[in-house]
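> missing the sequence, but the structure's below:
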C-alpha cells in the first residue's frame with residue numbers, strides 16, 4: 001500500500017509539473033490571447049521588408065508568419081526588432097518567435113530554433129567599377145580594403161574571421177553594410193545568396209571575382225529555449241507544411 005501511495009503521489013506531481021509547463025507555454029498564451037507576436041527586422045529582402053510609409057511588412061518570412069497564425073486560428077502582430085537585439089527579444093518574451101535567422105552556436109546557447117526550412121550560402125559583393133581590384137578572398141583581406149558589415153548579424157562574425165587584416169567598418173541597424181558599399185564609403189560587403197541576388201537586381205552589385213560561396217548555413221526561426229511545448233508545435237508544423245509543399249511554393253513566389 002505504501003509503495004502504491006508513493007507511486008500515486010509521484011504520478012500526481014508529474015501531472016502537476018506537466019500542467020505547469022503546459023500553462024507556461026507560449027502556445028497557450030497565443031491561443032488564449034488570439035495573437036502571435038512575431039519579431040522581424042524588416043530589412044532582409046526578400047525575407048522581410050518593411051514599408052515605412054504604411055508600417056507594413058512583406059516577404060517570405062511574413063508569408064510564413066501569416067500561414068502559421070492562420071493554422072493557429074489567431075492574428076499575427078509583427079514586432080519590430082533588429083539584428084543586434086533579435087535574440088534578446090525572444091529571450092525576454094517580447095515576441096513568441098522570430099523570422100528567419102541563421103542557426104549558430106552562439107545563438108543556440110540562449111535560444112531555441114525551429115526545424116530548418118531553407119539554407120543560405122555567403123558571398124562577398126562589390127560595385128562593378130571596383131570589381132577589377134579583386135581576385136579571390138585573399139585580395140579582400142588587405143589593410144586598404146574597407147569591408148562593411150552590420151552589427152549583431154552572423155555576417156559580422158564572418159567578416160572578422162575571414163578578413164582580419166582588412167579595414168572593417170561596422171554599422172548599426174537600421175543601417176546595413178551593403179549601403180556603405182553603394183554609397184562608396186566601403187569596398188566590399190558579404191551577404192547571403194538570397195539577399196545578394198535581390199541586391200544585384202536592384203542595385204547592380206556584383207560578386208567579387210574569384211570567390212566561391214562559403215558557410216552553407218541552415219535557416220530557422222528563433223524560439224524560447226526552455227519552451228519545449230511551443231518548440232514541438234512549431235517543429236511539427238514545419239514538417240507538415242514541408243510535406244504539403246508550402247515552403248517550396250513560398251520560395252518560388254519570392255524567387256529563392
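The structure has been received and is ready for your questions. Every value quoted in this text rests on a predicted model; they were computed, and no experiment measured them.
> how is this protein carved up into domains?
Here the domain parsing of the chain from automatic domain parsing is 2-118+233-253, 119-216.
> lowest-confidence stretch among the ones you listed?
With a mean of 87, domain 2-118+233-253 has the lowest mean pLDDT of those.
> centre-most residue in this structure?
When the chain is reduced to its mean C-alpha position, the nearest residue by CA atoms, centre = their mean turns out to be residue 101, at 1.7 Å.
> what residues are bridge-paired with the residue lying closest to it once chain neighbours are set aside?
Spatial nearest neighbour of residue 101, chain neighbours left out: residue 222 (5.4 Å); criterion: CB to CB, 6 or more residues apart in numbering. For every residue, glycine as well, the C-beta is placed using N, CA and C. Under the criterion DSSP bridges, residue 222 forms beta bridges with residue 113.
> what does residue 78 give?
Beta-bridge partners of residue 78, as defined by DSSP bridges: residue 38.
> now do the contacts for it.
Listed by CB atoms under 8 Å, 6 or more residues apart in numbering, the contact set of residue 78 reads 38, 40, 57, 62, 65.
> can you count the residues close to the second one?
Taking other CB atoms under 10 Å as the neighbour definition, residue 40 ends up with a count of 25.
> which ones are touching it?
Here residue 40 is in contact with 48, 50, 57, 61, 62, 65, 78, 79, 80, 81, 98, 99 (CB under 8 Å, 6+ apart).
> gap between the fifth one and residue 212?
In other words, residue 62. Separation of residue 62 from residue 212 (CB to CB, to the nearest Å): 31 Å.
> and if you look at residue 124?
10 Å.
> of these two, which one has the most company?
A count of neighbours by other CB under 10 Å puts residue 124 above the other of residue 124 and residue 212, at 27 against 9.
> surely the more buried one meets residue 187?
No - with contact defined as CB atoms under 8 Å, residue 124 does not reach residue 187; the gap is 9.8 Å.
> can you give me the helices for this protein?
2-24, 26-33, 60-72, 86-91, 105-108, 137-140, 154-162, 177-182, 193-203, 228-243, 246-253 (DSSP state H).
> of all these, which lies closest to residue 170?
helix 154-162 (6.4 Å; CB to CB).
> which other helices and strands does that closest one contact?
Other helices and strands packing on helix 154-162, by 3 or more CB pairs under 8 Å, 6 or more residues apart in numbering; DSSP states H and E, are strand 146-150, strand 167-171, strand 188-192, strand 214-224.
> number of residues surrounding the residue lying closest to residue 226 once chain neighbours are set aside?
In this structure, residue 226 finds its nearest non-sequential neighbour in residue 112, 7.8 Å apart by CB to CB, 6+ apart. Here the count is done by other CB under 10 Å, and residue 112 has 21 residues near it.
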